[in-house]
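A.B. asks: based on what follows, work out the 3D shape:
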Amino acid sequence: LRRRARAAGGRAPRGGEGGDGRREPIVGEEACYAVCYQLCYQFFGEPVVAACVENGANCIDISGEPQFLEEMYLKYNEKAAEKGVYIIGSCGFDTIPADMGVLYTRDKLKGILTAVESFLTVKSGPEGSCVHDGTWKSAVYGLADQDNLRKLRKKIGYAPVPVVGAKLKKRGFLFYNREFKEYSIPFMGADVSVVKRSQRYFYTELKETPVQYSAYVNIGSLGSAIKLMFAGFLFLLLVKFSFGRKLLTKYPEFFSAGRFTKKGPTQKQMDGTSFTITFFGEGYSEGQDPQNGKPNVKICTEVKGPEPGYVATPIAMVQAAVTLLEDAACLPKQGGVYPPGAAFSKTKLIDRLNKCGVEFSVISKPEV
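C.D. replies: Numbers count the residues shown, from 1 in each chain. Next up is the predicted model:
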């Protein structure tokens, strides 16, 4: 990144430690790019964004916290536009694959894409898999702040986005997925929030057809589903109270049944883990009016890659930064606070990701 920044005529990107978020990246007048990889952005991320905007430095982060991402939009979008800098949030897993995956599906459909469902599958080897507890903490504080998120969205006053074509039906909290022959639940990450922000941008700024989007995760057998539901119920109960949040963050391994640990995954666990996100899109063939009748064309695409948290995320983050450097002419006309889809829709980011092991492909071609 430093070499490419200098080659592009800029100054080298600067950063700080990302472990527990106690140190902030150093963003001074000598920096033109910052890559922010802290945990718990809700508590530690804003000073980085503020420093970038003040000093005219572009910024990329890997936050998966809607509260932080949308608050930064409210506070700094206009200032960033005035400064001509780009603040692009959520440039890791899973939001880069999700947001860019919807765009990839749209571009591969011969017609007008109006709705997409995505299904995340994570496979692990004999060593199993786990995630560092920093992600767990972000989830704890993020879910505890849902009321404030609703108030924040009212304050932003998002422009309404119309439903084009048939309305995408919401699935239940737990359902058997015939396509994958296992149980699925709604995905609780930032995907839906981020994709909706990108689609709102395409509709309001570029006058493009907005795509409805729902995200789910495959969880395996009925036994796995029951265990997860019990853990989820306990989590949602405890997260409402201060003492509950302290328990959740102090004993992540116990309350997550070993999925989140203070040590994070071993090298063997990372080597044996991979992810796949499958996208089922539907829309209308060329010449068909989305306002009349049911969708008449379908497509299935896929994004797959290595271990999501510590292998795929750095790939996505670094390639997003390279794209910001090398495809500057393809970014939105003015600076601001953007989700990745809105920022990178006209760039070569997907091509770069493909070359680095995060692969986008068409599983079944569009068929009427």
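A.B. asks: where do the strands sit along the stretch 51-200 of the chain?
C.D. replies: Assigned by DSSP state E, counting those that start in this stretch, the stretch 51-200 of the chain shows strands spanning 58-61, 86-88, 111-123, 131-132, 175-177, 182-186.
A.B. asks: could you dump these to TSV with mean pLDDT?
C.D. replies: Shown next, in TSV, are the strands of the stretch 51-200 of the chain (pLDDT from 0 to 100):
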stretch	mean pLDDT
strand 58-61	94
strand 86-88	97
strand 111-123	97
strand 131-132	85
strand 175-177	94
strand 182-186	95
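A.B. asks: tell me the most buried of those?
C.D. replies: Mean neighbour count (mean count of other Cβ atoms under 10 Å) peaks for strand 58-61 among the strands of the stretch 51-200 of the chain, with a mean of 28. Where you see a C-beta, it was placed from the backbone N, CA and C, and this is true even at glycine.
A.B. asks: can you tell me the strand partners of that strand and which way each runs?
C.D. replies: Sheet partners assigned to strand 58-61 using DSSP bridges are listed as strand 33-36 (parallel), strand 86-88 (parallel).
A.B. asks: so which bits of the helix or strand that the longest one is followed by are buried?
C.D. replies: To tie it back to what came earlier, the one meant is strand 33-36. Next helix or strand after strand 33-36 toward the C-terminus (DSSP states H and E): helix 41-44. Using 16 or more other Cβ atoms under 10 Å as the test for burial, helix 41-44 gives 41-42, 44.
A.B. asks: and which of these is nearest to Thr204?
C.D. replies: Tyr41 (25.5 Å; Cβ to Cβ).
A.B. asks: can you tell me how far the closest residue in space to Arg259 that isn't next to it in sequence is from Phe235?
C.D. replies: Nearest residue to Arg259, sequence neighbours excluded (Cβ to Cβ, 6 or more residues apart in numbering): Cys130, at 5.8 Å. For Cys130, the distance to Phe235 (Cβ to Cβ, to the nearest Å) stands at 16 Å.
A.B. asks: give me the more crowded residue out of the two.
C.D. replies: Cys130 (22 against 18; other Cβ atoms under 10 Å).
A.B. asks: contacts only, for that one.
C.D. replies: 258-261, 264-265, 269 (Cβ atoms under 8 Å, 6 or more residues apart in numbering).
A.B. asks: turn the residues you listed into CSV, columns for secondary structure.
C.D. replies: Listed next are those as CSV, based on DSSP: H, G, I helix; E, B strand; the rest coil:
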residue, secondary structure
Gly258, coil
Arg259, coil
Phe260, strand
Thr261, strand
Gly264, coil
Pro265, coil
Gln269, helix
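A.B. asks: from those residues, which is closest to Tyr216?
C.D. replies: Arg259 (17.8 Å).
A.B. asks: next, count neighbours for the closest one.
C.D. replies: Neighbours around Arg259, by other Cβ under 10 Å: 16.
A.B. asks: give me phi/psi at the spatially closest residue to Asp327 that is not a sequence neighbour?
C.D. replies: Among residues not flanking Asp327 along the chain, Thr347 sits closest, at 4.0 Å (Cβ to Cβ, 6+ apart). Torsion angles at Thr347 (phi, psi; degrees, to the nearest 10) stand at phi -100, psi -180.
A.B. asks: now do Tyr216
C.D. replies: Dihedral angles (degrees, to the nearest 10) for Tyr216: phi -140, psi 160.
A.B. asks: what's the nearest residue to it if we skip its chain neighbours?
C.D. replies: Using Cβ to Cβ, 6+ apart, the closest residue to Tyr216 is Ser184 (4.7 Å).
A.B. asks: got the contact list for that neighbour?
C.D. replies: So Ser184 contacts 119, 171, 174-177, 216-219 (Cβ under 8 Å, 6+ apart).
A.B. asks: which one of those residues is nearest Cys330?
C.D. replies: Closest to Cys330, out of all of the contacts of Ser184 and judged by Cβ to Cβ, is Phe119, at 30.0 Å.
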